[in-house]
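> quick one, structure for this:
(one chain, ligands or ions: 1)
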Amino acid sequence: MRTIEWRDGTVITIDQTRLPHEAVILEMKSCDDVAEAIKTMKIRGAPLLGAAAAFALALEAYHSKAEERGELINELENAAEILKGTRPTAVNLFWAINRILDKARGFSGNAKDLATFVVEEAQKIADEDAAANRLIGNYGAELIHDGDVILTHCNAGALATVEYGTALGVVRAAWEQGKRIKVIATETRPKLQGARLTTYELKRDGIPVTLITDNMVGYVMYRRLVSKVIVGADRIVQDAVINKIGTFTIAVLAKEHNIPFYVAAPKSTFNLTNTSADVVIEERKPEEVTHIGSQRITTEGVDVLNPAFDITPLEYVTAVICENGILYKDDFGKFKANL
Ligand code: MRU
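Purely as a prediction, here's the structure:
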């Protein structure tokens with residue numbers, strides 16, 4: 001099963017807040033259901049947020065009672081506003097919404113045909129993501145050699161995408177080619193996507209994985225226990241890669257130790273009309289830092305910062321792997337021009 005699927009007016013996914021302990025299937029029947037699942041991080045990961053937003057608009061269209069095309073467009077625009085208010089940083093969400101709205105506005109058929117068109121377009125977005133991940137995996141696997149130990153952060157796997165994954169897609173492709181590799185997964189405080197989701201995915205595939213806490217990265221690099229870093233991205237702008245908080249620290253450490261730092265992401269993550277100054281970094285609630293589960297771990301009333309993402313300037317990035325190939329820093333300008 002894919003991480004997200006459309007089944008006759010219902011969207012099916014796995015509740016990521018319950019993993020790795022329970023695989024609970026979530027059935028969503030409305031745009032509000034999807035928006036709620038995104039806000040509560042039952043659905044997360046940039047490419048998956050794009051596919052989920054697309055399917056949310058498909059639900060809205062499919063269940064709409066609108067008889068006029070214009071009425072349905074209005075409903076889709078209102079749903080889009082709700083979805084855009086869920087999480088601000090991953091550009092895939094906005095990209096998917098805008099793609100569907102633009103195409104819907106340009107569609108000339110009646111309301112019923114428009115609804116069918118929106119469902120088909122959402123399915124296309126999901127299919128394209130699945131295909132992009134296979135290509136990213138194949139291109140990225142060229143960079144991976146027998147004996148490599150790959151450090152990854154957060155979860156950029158099948159669970160963060162429609163299937164296969166971006167950073168973990170590269171790992172999977174190399175593994176499927178028979179390369180003997182190992183992965184080091186950072187736990188990824190405070191939401192523990194590395195500990196909960198990356199280890200779950202890799203264990204299921206039989207790929208060797210070792211879990212470390214975020215503050216062990218410097219030590220494992222100093223000891224030469226890591227040969228490559230591969231992470232995903234929530235947004236790639238003109239001057240930087242935006243990804244899970246802690247990515248920048250890892251990139252600086254990688255540069256210091258001459259370890260290649262790769263970013264694997266589909267083109268739906270590229271936002272090359274913007275710079276890092278334009279990006280809203282999501283600030284999440286303090287309880288994620290002050291508590292582990294229901295247990296308070298710090299002094300009552302302490303001030304807390306909880307940015308969910310950070311900014312890694314491109315000078316720290318060895319190459320970006322996307323469905324078009326491997327883009328080294330020098331190719332990046334050319335790529336921007338061709339997008
Ligand atoms: O807060 P999350 O779990 O949605 O953050 C996810 C990440 O930062 C991933 O690394 C990124 O979305 C890439 S997923 C292919």
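> list the contacts for the closest residue to Thr298 other than its chain neighbours?
Nearest-residue entry for Thr298: Thr290, 5.0 Å, with adjacent residues in sequence omitted and distances by C-beta to C-beta, 6 or more residues apart in numbering. In this view, the C-beta of every residue, glycine as well, is placed from N, C-alpha and C. Going by C-beta atoms under 8 Å, 6 or more residues apart in numbering, Thr290 touches 296-298, 302, 304.
> again with Val209
Counting by C-beta under 8 Å, 6+ apart, Val209 touches 182-185, 198-199, 202-203.
> farthest pair in the residues you listed?
Of all pairs drawn from these, the greatest distance, 13.9 Å, lies between Ile184 and Lys203 (C-beta to C-beta).
> check contacts around the closest residue to the ligand within the stretch 101-250 of the chain.
Proximity to the ligand, evaluated over the stretch 101-250 of the chain using C-beta to the nearest ligand atom, is greatest for Gly232 at 2.7 Å. Counting by C-beta under 8 Å, 6+ apart, Gly232 touches 45-46, 154, 156, 160, 165-167, 243, 263-265, 269.
> now do the helices in the stretch 151-300 of the chain.
Under the criterion DSSP state H, counting those that start in this stretch, the stretch 151-300 of the chain carries helices at the ranges 167-176, 193, 199-205, 217-222, 247-256, 287-290.
> out of those helices, which is closest to Gly137?
Across the helices of the stretch 151-300 of the chain, closest to Gly137 is helix 167-176 (C-beta to C-beta), at 3.3 Å.
> and for the closest one, what's in contact with it?
Outside helix 167-176, the residues within contact range by C-beta under 8 Å, 6+ apart are 133-134, 136-138, 140-141, 143-144, 148, 150, 152, 155-158, 161, 164-165, 181, 183, 198, 201-202, 205, 207, 230-232, 262, 264, 321.
> show me the strands in the stretch 201-339 of the chain, by range?
Using DSSP state E, counting those that start in this stretch, the strands of the stretch 201-339 of the chain run over residues 209-212, 228-231, 235-236, 240-244, 261-264, 291-292, 295-296, 309-313, 319-322, 325-328.
> looking at the ones you listed, which is closest to Thr17?
With C-beta to C-beta, the closest approach to Thr17 among those belongs to strand 291-292: 14.4 Å.
> direction included, what does that closest one pair up with?
Looking at strand 291-292 with DSSP bridges, its partner strands are strand 295-296 (antiparallel).
> now do the partner strand: distance to the chain's middle.
Strand 295-296 has its C-alpha centroid displaced from the chain centroid by 29 Å (C-alpha atoms, centre = their mean, to the nearest Å).
> likewise for stretch 217-236?
The chain centre lies 18 Å from the centre of stretch 217-236; the measure is C-alpha atoms, centre = their mean.
> first vs last residue of it, how far apart are they?
With C-alpha to C-alpha, to the nearest Å applied, stretch 217-236 spans 23 Å between its terminal residues.
> repeat that for stretch 16-31.
Between the opening and closing residues of stretch 16-31 there is a gap of 18 Å (C-alpha to C-alpha).
> got a list of contacts for it?
Identification of contacts with stretch 16-31 by C-beta under 8 Å, 6+ apart yields 9-15, 34, 37, 40-44, 55-57, 59-60, 63, 79, 82-83, 159, 196-197, 199-200.
> ok, and of those, which contact the ligand?
The overlap between the contacts of stretch 16-31 and the neighbourhood of the ligand (criterion: C-beta under 6 Å from any ligand atom) consists of Arg44.
> strands - which of the contacts of stretch 16-31 land there?
Of the contacts of stretch 16-31, the ones assigned to strands by DSSP state E are 10-14.
> returning to what we had before: turn the helices of the stretch 151-300 of the chain into a markdown table, including mean pLDDT.
Formatted as a markdown table, the helices of the stretch 151-300 of the chain follow (pLDDT from 0 to 100):
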| stretch | mean pLDDT |
| --- | --- |
| helix 167-176 | 98 |
| helix 193 | 98 |
| helix 199-205 | 98 |
| helix 217-222 | 98 |
| helix 247-256 | 98 |
| helix 287-290 | 98 |
